[in-house]
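Peer 1: below: sequence and its predicted model.
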Amino acid sequence: MGKYFGTDGFRGEANKNLTFEHAIKIGRFLGWYYGAKNGKKAKVVIGKDTRRSSYMFEYALCTGLMASGADAYIMHVTTTPSVAYITRVDDFDCGIMISASHNPFYDNGIKLLNGSGEKMDEETILKVEEYLDDKLEIPVAERAEIGRTVDYVAGRNRYIGYLISMSKFSFKNVKVGLDVANGAAWQIARSVFDALGAKTYVMNDEPDGMNINTDCGSTHIEHLQKFVLEKGLDVGFAYDGDADRCLCVDEKGNVITGDHILYIYGLYMKERGKLINNKVVTTVMSNFGLYKAFDKVGIEYEKTKVGDKYVYENMVNNGHRIGGEQSGHIIFTKYATTGDGILTSLKMMEVMLAKEKPMSELAAPVVFYPQVLKNVRVHSKPDAQNDPDVQAAVAKTAEELGDDGRILVRESGTEPVIRVMVEAGTDEICEKYVDGVIDVIRKKGHIAE
């Protein structure tokens, strides 16, 4: 990760950590870089979520791009996966999404995508950062070379058409609830489900610039649970602010996590001979119960570091077709280069209709193990993590848990914190082993009290 850009873009509080000056300079660099690289005027497509500051960043990026001679194509309020899709299929030099995903409205972010709709490579990101730190000088465009903006709402409509084409079934008479989080999916999700014939019930679809993710969406799934039960719906889907993740609620009001989704669709692929390599890609945070369920049906799996970036890299490098995170970032590499919440919900509908089973029955084989996760603030993450006595305590715990649980100790990517997590048969067992490891960390003097 660079100085400004993390695994999911340049993110921070608007005009505090991430400013409009940053956005202008990012636009300036990208407009010049792709123009010089390709020897012709650069074409860049931009989307944004519903945050108040997204409009400011949109205009700032456009200003920078045009000043460097690029044309900026504006998709307006749309989802991250839609920008990735349009960047790829409409031959743009790169794509930009303005969003801080599930963060509160006062945060924002700038995500950069390459011409294939994938997260920008590290080498180009570092060049952007050099320009942000005034280590590079680039020329401004003059006269006829100055760029322009192009209204590209047609791109969003093309993406809606693409999603509709993904469904093999009519959703006629299926009652579906959608929590669009007052975010990027608010104009897209209903259009797709209505077009496919569903009886669509939508909540949190009145964005005002400040209510994105506020007590709604995939991070507050309890509201969709209540909505599904009150309306007597067959299934519900909840998205986050930029709609690159999806969680579900079954007809009984139970939460269906990303782990359940990986199992349900992974098994569906295996049954049809579509699960290439017989593997599903997960992260180390997937529940132990998922792996037990995979073992029972003969599905193998990979484990990556936390972050959809690492899931996608593993999938591309090894030719796997499905992967994701418990949080609902699910990637189908045959259809998309990013997690896509609406696409994920369509795939869940496909399994329900193909198997003629309710969501609760499809998810039943995945029985979650109790999990206890505690964060420990430390003086030095590497020192605490690599301490021989701490490692010995972790190894002993893993040995005692055997096949009936697991322990995971990892460093936070953003805080001076070590995360200690245990999954086992009961909460009491989890607490016992987590506290045991933390006691060792404390006795060795690593904890910052």
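Peer 2: Okay, I see it. Residues are numbered from 1 along each chain as shown.

Peer 1: for Tyr201, list the residues it contacts.
Peer 2: The neighbours of Tyr201, taking Cβ atoms under 8 Å, 6 or more residues apart in numbering as the test, are 175-178, 227, 231, 233. In this view, the C-beta of every residue, glycine as well, is placed from N, C-alpha and C.

Peer 1: again, only this time at 7 Å
Peer 2: If you count contacts by Cβ atoms under 7 Å, 6 or more residues apart in numbering, Tyr201 has them with 175-177, 231, 233.

Peer 1: now intersect the residues you listed with the helices, please.
Peer 2: Lys231 (DSSP state H).

Peer 1: in a markdown table, list the contacts of Tyr201 along with distance to Thr219.
Peer 2: Conversion of the contacts of Tyr201 to a markdown table gives the following (distance: Cβ to Cβ, whole Å):
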| residue | distance to Thr219 |
| --- | --- |
| Lys175 | 24 |
| Val176 | 20 |
| Gly177 | 17 |
| Lys231 | 21 |
| Leu233 | 20 |
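
Peer 1: of the contacts of Tyr201, buried ones?
Peer 2: A residue is treated as buried here by neighbour count (16 or more other Cβ atoms under 10 Å); on that basis the buried members of the contacts of Tyr201 are 175-177, 233.

Peer 1: just the residues you listed now: which is nearest Asp134?
Peer 2: Here the nearest of these to Asp134, counting by Cβ to Cβ, is Gly177; it sits at 49.9 Å.

Peer 1: just to revisit the earlier point, what's the farthest-apart pair in the buried ones among the contacts of Tyr201?
Peer 2: Going by Cβ to Cβ, the pair spanning these furthest: Lys175 and Gly177, at 7.6 Å.

Peer 1: now list whatever residues contact both of the two.
Peer 2: By Cβ under 7 Å, 6+ apart, the residues touching both Lys175 and Gly177 are 201, 233.

Peer 1: and the residue nearest to Lys443 when sequence neighbours are not counted, helix, strand or coil?
Peer 2: Take Lys443 and drop its neighbours on the chain: the residue closest to it by Cβ to Cβ, 6 or more residues apart in numbering is Asp389, 7.9 Å away. Applying DSSP: H, G, I helix; E, B strand; the rest coil to Asp389 yields a three-state assignment of helix.

Peer 1: number of residues surrounding Asp389?
Peer 2: The number of residues packed around Asp389, counting by other Cβ atoms under 10 Å, is 11.

Peer 1: start the count at 690, not 1, going forward
Peer 2: All set: I'll call the first residue 690, so the last point we hit is now Asp1078.

Peer 1: hmm, it is touching Lys1133, no?
Peer 2: Yes: using Cβ atoms under 7 Å, Asp1078 makes contact with Lys1133 at a distance of 5.8 Å.

Peer 1: residue ranges for the strands of the stretch 790-939 of the chain, please.
Peer 2: In order along the chain, the stretch 790-939 of the chain carries the following strands (DSSP state E, counting those that start in this stretch): 796-802, 838-840, 864-868, 888-892, 924-928, 935-938.

Peer 1: can you give the strand pairings for the fifth one, parallel or anti for each?
Peer 2: Strand partners for strand 924-928, identified by DSSP bridges, are recorded as strand 864-868 (parallel), strand 935-938 (antiparallel).

Peer 1: let's have those in CSV, adding distance to Ile965.
Peer 2: Output for the strands paired with strand 924-928, formatted as CSV (distance: least, Cβ to Cβ, whole Å):
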stretch, distance to Ile965
strand 864-868, 30
strand 935-938, 23
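
Peer 1: will you turn those strands into a markdown table that also has mean pLDDT and distance to Lys729?
Peer 2: As requested, the strands paired with strand 924-928 are exported to a markdown table (pLDDT from 0 to 100; distance: least, Cβ to Cβ, whole Å):
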| stretch | mean pLDDT | distance to Lys729 |
| --- | --- | --- |
| strand 864-868 | 98 | 42 |
| strand 935-938 | 98 | 38 |
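
Peer 1: so which of those strands gets nearest Gly1091?
Peer 2: Going through the strands paired with strand 924-928 one by one, with Cβ to Cβ as the measure, strand 935-938 comes closest at 31.1 Å.

Peer 1: alpha carbons only: can I get the closest one in CSV?
Peer 2: Output for strand 935-938, consisting of C-alpha atoms alone and laid out as CSV, is shown next (Å, rounded to 0.1, in the frame of the first residue of the first chain):
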residue,chain,number,x,y,z
CYS,A,935,-24.5,-8.0,-0.9
LEU,A,936,-26.0,-9.8,2.1
CYS,A,937,-29.2,-11.7,2.0
VAL,A,938,-32.1,-12.4,4.3
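
Peer 1: what's the following helix or strand past it packed up against?
Peer 2: From strand 935-938 onward toward the C-terminus, using DSSP states H and E, the following helix or strand is strand 944-945. When contacts are defined as 3 or more Cβ pairs under 7 Å, 6 or more residues apart in numbering; DSSP states H and E, strand 944-945 packs onto strand 935-938.

Peer 1: run through the residues that contact Gly1125.
Peer 2: For Gly1125, the set of contacting residues under the criterion of Cβ under 7 Å, 6+ apart consists of 1082, 1086.

Peer 1: in which helix or strand would I find it?
Peer 2: Taking DSSP H and E as the criterion, Gly1125 maps to helix 1116-1132.

Peer 1: and for Gly1012?
Peer 2: With DSSP H and E as the criterion, Gly1012 is inside strand 1011-1013.

Peer 1: how far does that strand sit from the chain's center?
Peer 2: On the basis of Cα atoms, centre = their mean, to the nearest Å, strand 1011-1013 sits 11 Å off its chain's mean C-alpha point.

Peer 1: likewise for stretch 850-870?
Peer 2: On the basis of Cα atoms, centre = their mean, stretch 850-870 sits 20 Å off its chain's mean C-alpha point.

Peer 1: thank you, goodbye.
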